[in-house]
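Participant: Pasted the sequence and its predicted model underneath.
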Amino acid sequence: IVIDPSADSLNVSEKRFNQIPTKTKHVISFTEKINNVPKHLDLAIIATSSSIRRKVTEELIKNSKVKNVIFEKLLFQKKSDYTFMESLLKKKKINAWVNCSMRVTPFYQNLKPVFKGKRIVYLLTGTKFGIATQAIHFIDHMAYLLNDYNFEVQTSDLDKEIIKSKRAGFLELTGTLR
C-alpha cells in the first residue's frame, strides 16, 4: 500500500510502478488516508520529510501493528523526537532501520574484506553537496567498511553560513567534516 496525501503524487507513483516490468504479480493499492492501512504490517517504509516523520510514524503505529520500519534519513529535526521514537519503538517491539543503502551494494560489500584490520584514508569531495543530508551515508559506509562504530566527527571546518536546501523550507550545511 502506498500512502500520500497528494492525489497527484499517488498518480505519479502508480504510473511509475506500472512502468516496471515484472514476472511476479504484485497487489498494490494507493490511498491518501493513513487509516486505510491494514491493521497488521510486516514492513513500513516511512519516506516522508523529516519535519513530519514523527507525526506520521505515530499515526501509523496508532492505526496498525507494525513489525518492522525502514526510515529515510535524516530521521527527525528535533533531538527530543529521537528520544521519543526510540522509546515508542522499544515499547511496541518494532524493529527499525535507517536507509543507508551503500552497505548492501555488492560492490561495497566486496570492498569490506580488503580493508579488514587496516587504517584507511577516506576522502569524499564534491560541489553542491549537502552535508546535512548526505554525510550520513558516507559516515555509515566508512563505519561499515571498518566495522568500527566508535568515532568522532569534527565539525570545526563547516562553513559558518547555513544555506537553503534544494527542498523548500529546509536548511543545508556546506564545508568540511573530519
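Facilitator: Thanks, I have it. Bear in mind that the values here come from a model prediction, so they are computed numbers and not experimental data.
Participant: What ranges does this protein have for its strands?
Facilitator: 2-3, 30-31, 40-46, 65-71, 95-98, 163-164, 171-172 (DSSP state E).
Participant: possible to save the ones you listed as a markdown table with mean pLDDT?
Facilitator: Formatted as a markdown table, those follow (pLDDT from 0 to 100):
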| stretch | mean pLDDT |
| --- | --- |
| strand 2-3 | 92 |
| strand 30-31 | 91 |
| strand 40-46 | 95 |
| strand 65-71 | 96 |
| strand 95-98 | 95 |
| strand 163-164 | 88 |
| strand 171-172 | 88 |
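Participant: helices or strands up against the helix ranked longest in the chain?
Facilitator: Criterion DSSP state H: the longest helix present in the chain is helix 131-146. Counting contacts by 3 or more C-beta pairs under 8 Å, 6 or more residues apart in numbering; DSSP states H and E, helix 131-146 packs against helix 106-115, strand 171-172. In short, each C-beta sits where N, CA and C put it, glycine included.
Participant: Which pLDDT value goes with the most centrally placed residue in the chain?
Facilitator: Closest to where the C-alpha atoms of the chain average out (C-alpha atoms, centre = their mean) is E72, at 1.9 Å. E72 is assigned a pLDDT of 89 by the prediction.
Participant: Name the nearest residue to it, ignoring sequence neighbours.
Facilitator: The spatially closest residue to E72, leaving aside those adjacent along the chain, is A47, at 4.3 Å (C-beta to C-beta, 6 or more residues apart in numbering).
Participant: Residues in a beta bridge with N68, which ones?
Facilitator: Note on N68: beta-bridge partners by DSSP bridges are L43, N95.
Participant: ok, it to K78 distance?
Facilitator: 24 Å (C-beta to C-beta, to the nearest Å).
Participant: residues contacting the closest residue in space to D4 that isn't next to it in sequence?
Facilitator: In space, not counting the residues next to it along the chain, D4 is nearest to L10; the distance is 5.0 Å by C-beta to C-beta, 6+ apart. Contact analysis of L10 by C-beta atoms under 8 Å, 6 or more residues apart in numbering lists 2, 4, 30-32.
Participant: Take the residues you listed and write them to TSV, including distance to V114 and neighbour count.
Facilitator: Below are the contacts of L10 laid out as TSV (distance: C-beta to C-beta, whole Å; neighbours: other C-beta atoms under 10 Å):
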residue	distance to V114	neighbour count
V2	39	13
D4	41	16
F30	44	16
T31	46	14
E32	48	12
